[in-house]
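Engineer: Here's a sequence, model it:
(one chain, ligands or ions: 1)
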Amino acid sequence: MMGAEIALCFARSGYETMLNDISLEFAERGKQKIAGVMDKNIKKGRATEDEKQAALDRVHPTGALEDLADCDLIIEAVLEVWDVKKDVHQTLDKLCKSSTIIASNTSSMSISKLASCVGPDRKGQFIGTHFNSPASVMKLVEVIPGLLTEDETAEEVTKLLEEIGKVPVRVKDVVGFGLNRIFHCMYGEACRLVEEGVCSVEDVDKICRYGLGHPMGIFALLDITGHDLNLEVDEILFEAYGDRFRPSPQLHRLVDSGRLGRKTGAGFYDYEEK
Ligand SMILES: NC(=O)c1ccc[n+]([C@@H]2O[C@H](COP(=O)([O-])OP(=O)(O)OC[C@H]3O[C@@H](n4cnc5c(N)ncnc54)[C@H](O)[C@@H]3O)[C@@H](O)[C@H]2O)c1
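Structural biologist: Next comes the predicted model:
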């Protein structure tokens, strides 16, 4: 979901970009996803065929981490599983040239803890870059220095993100960073409004759109992000901050019933064709 879109952000801005996955076949699939995103942009009049081809020419899929050894910046977006991330970062640290900056797109892990996977000489060049989905569209990137990250690393990464059209925001290395704390707090309250019978799901979404100026309602958005992931992040925030992030019983019911959102055809709303 994230890796290919992040690669596209750099490739369309003129950077030669390696796209790695566990096999060449998987990495090629990421490149196909990039082509699909560019096709949609062309249909909407936001890109041309030439721009699509130029971006694709700069994306180099590979199934071998060794091929990243000469990269100046690596953005890791592998599964949100500690052992997988640890293994990837330990390997990258050994393979990469000494000047390589390694960034993680983790949503929930401590950047300072992830930095423990690289050697003492790399810790100053290890940082968090939290892109939002879809990464090729959403401009916000939270830039999260760990305790040992050097200022120059944060500055260099911030400058680069600005150059590719993103809006970087510097955030401390705390659980949920900035965006997820605001987002989960807000939808916790939205769920309470529905549970208490104050207003309906549809009306909460109207409040978001016509009162807060959001492009879509919060329940419609939650159906896109997926309730399994929403609940997972809720639980991490609940553990870190206590009651103010207690997961809503509604989310538990949706997950228990397999109504995970758009991807399963139903969540707060129904998407199956009648
Ligand atoms: N999905 C989101 O909305 C979102 C938003 C912000 C951040 N994130 C974070 O981004 C990261 C990726 O999330 P995603 O939703 O794209 O996950 P995903 O499951 O869609 O993609 C993960 C990819 O990592 C690959 N992978 C697994 N092990 C690997 C290895 N050892 N080497 C190379 N590639 C490997 C998988 O094959 C897969 O293609 C996670 O850390 C997640 O927390 C996700």
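Engineer: who's in contact with Cys117?
Structural biologist: Applying Cβ atoms under 8 Å, 6 or more residues apart in numbering to Cys117 gives the contacts Lys85, Lys86, His89, Gln90, Asp93. Using the backbone N, CA and C atoms, a C-beta is placed for each residue, glycine as well.
Engineer: give me the number of residues near the second one?
Structural biologist: Per other Cβ atoms under 10 Å, the neighbour tally for Lys86 reads 15.
Engineer: before we move on, which element is it in?
Structural biologist: For Lys86, the element it lies in under DSSP states H and E is helix 82-95.
Engineer: helices or strands next to that helix in the packing?
Structural biologist: Secondary-structure packing of helix 82-95 (3 or more Cβ pairs under 8 Å, 6 or more residues apart in numbering; DSSP states H and E): strand 73-76, strand 101-104, helix 111-114.
Engineer: what's the second one packed up against?
Structural biologist: Meaning strand 101-104. strand 73-76, helix 82-95, strand 126-131, helix 151-163.
Engineer: from the chain's centre, how far out does the longest one sit?
Structural biologist: It stands for helix 82-95. Relative to the centre of its chain, helix 82-95 is centred 19 Å away, using Cα atoms, centre = their mean, to the nearest Å.
Engineer: anything in that helix near the ligand?
Structural biologist: Yes: shown here: helix 82-95 in contact with the ligand (Cβ under 6 Å from any ligand atom) through Val84, Val88.
Engineer: could you give the angle of that helix to strand 126-131?
Structural biologist: 120 degrees (axes from the mean of the first three to the mean of the last three Cα atoms, to 10 degrees).
Engineer: Show me which positions of helix 82-95 end up buried.
Structural biologist: Buried residues in helix 82-95, counted by 16 or more other Cβ atoms under 10 Å: Lys85, Val88, His89, Leu92, Asp93, Leu95.
Engineer: Quick check: buried residues in stretch 149-156?
Structural biologist: Those would be Thr149, Thr153, Ala154, Glu156, for stretch 149-156 by 16+ other Cβ under 10 Å.
Engineer: Ser107 versus the closest residue to Phe245 other than its chain neighbours, what's the distance?
Structural biologist: In this structure, Phe245 finds its nearest non-sequential neighbour in Leu237, 3.8 Å apart by Cβ to Cβ, 6 or more residues apart in numbering. Leu237 sits 11 Å away from Ser107, going by Cβ to Cβ, to the nearest Å.
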